[in-house]
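Undergrad: Generate a structure from the sequence data that follows.
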Amino acid sequence: MLLSRWRRWRRGRPFWGGLFAVLAGAEICALPLAPLKVMLQQGIAGIPSVLMGIVMIVLGLTAWFSPAQRSLAGVLTTLIATAALVLSNLGGFLIGTLLGILGGGLMFAWQPHAAARPSAAPQSPAP
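TA: Residues are numbered from 1 along each chain as shown. Sure, this is the predicted structure:
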């Protein structure tokens with residue numbers, strides 16, 4: 001019962017795109033909080049990293065809970081992931097950027113399943 005409800009919820013929205021966007025945002029957001037030996041840059045440059053990570057997490061959640069906004073969320077996620085490559089420690093050491101681009105593409109490309117319509121009665125050919 002619960003598993004079928006979960007599957008129905010997951011299939012009714014761009015789940016994997018949102019998940020990759022949330023993971024990318026967490027990766028980009030967590031790196032400025034890492035020890036100095038792991039960081040490539042420190043200080044005020046960490047603020048854009050945290051902000052971009054939070055925005056990517058919000059966009060991933062938007063795709064989950066408002067599937068009608070998936071196109072905008074997908075495009076913005078891809079743009080922010082690409083900008084993170086330059087502004088945020090190589091986009092989370094490339095992992096965050098790649099996850100963000102993949103998630104944004106999946107969100108943008110997702111289409112809801114059309115409800116199956118009953119087929120019309122076959123028409124007989126006119127003589």
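
Undergrad: which other residues reach stretch 90-103?
TA: Stretch 90-103 is contacted from outside by 16-25, 27-28, 30-31, 40, 53, 56, 60, 74, 77-78, 80-82, 84-85, 88, using Cβ atoms under 8 Å, 6 or more residues apart in numbering. To be clear about C-beta, it is placed using only N, CA and C from the backbone, and glycine gets the same treatment.

Undergrad: ok, of these, which come out buried?
TA: Buried by 16 or more other Cβ atoms under 10 Å: 17-25, 27-28, 31, 53, 56, 60, 74, 77-78, 80-81, 84-85, 88, out of these.

Undergrad: among these, which are in helices?
TA: Counting by DSSP state H, the part of the buried ones among the contacts of stretch 90-103 found in helices is 17-25, 27-28, 53, 56, 60, 74, 77-78, 80-81, 84-85.

Undergrad: Enumerate the positions of the lowest-mean-pLDDT helix or strand in the chain that are buried.
TA: In the chain, the helix or strand scored least confidently by mean pLDDT, DSSP states H and E is helix 89-93, which has a mean of 77. Within helix 89-93, the residues scored as buried using 16+ other Cβ under 10 Å are 89, 90, 91, 92.

Undergrad: average pLDDT across whichever helix or strand comes after it?
TA: Downstream of helix 89-93, the next assigned helix or strand under DSSP states H and E is helix 95-109. Per-residue pLDDT over helix 95-109 has a mean of 94.
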